[in-house]
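1. structure of the sequence below:
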Amino acid sequence: MSIKEMIMHKSENMLEKILGEIYDFICFLSYKQEGKHLMKVAQKLSENSFRRIWGNKEDAVYDDL
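-> Prediction:
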């Protein structure tokens with residue numbers, strides 16, 4: 001039985017109030033995961049811009065920090 005199936009099975013007899021809390025938690029986890037993905041995409045997109053600013057000899061001393 002998959003984890004998804006186990007969750008579905010366990011939730012069959014739960015009260016509607018509890019199911020609402022579970023749903024809210026699932027939404028929170030989804031939002032959190034999406035936020036991490038967006039952060040990685042933003043970092044990747046900004047690399048070229050920052051490379052021009054930081055990629056110079058004057059600032060090379062800071063590269064190892």
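2. which parts of the longest helix along the chain are buried?
-> Looking across the chain with DSSP state H, the single longest helix is helix 16-54. Residues of helix 16-54 include none that count as buried (16 or more other Cβ atoms under 10 Å). (C-beta placed from N, C-alpha, C; glycine too.)
3. pLDDT of it, averaged?
-> Across helix 16-54, pLDDT averages out at 89.
4. pull the distance from it to the chain's centre.
-> Taking Cα atoms, centre = their mean, to the nearest Å, one finds helix 16-54 lying 4 Å from the centre of the chain it belongs to.
5. and what of stretch 13-28?
-> Its chain's C-alpha centre and that of stretch 13-28 lie 21 Å apart, by Cα atoms, centre = their mean.
6. hmm, who's touching it?
-> Here stretch 13-28 makes contact (Cβ atoms under 8 Å, 6 or more residues apart in numbering) with residue 11.
7. rerun at 10 Å
-> Stretch 13-28 is contacted from outside by 7, 10, 11, 12, using Cβ atoms under 10 Å, 6 or more residues apart in numbering.
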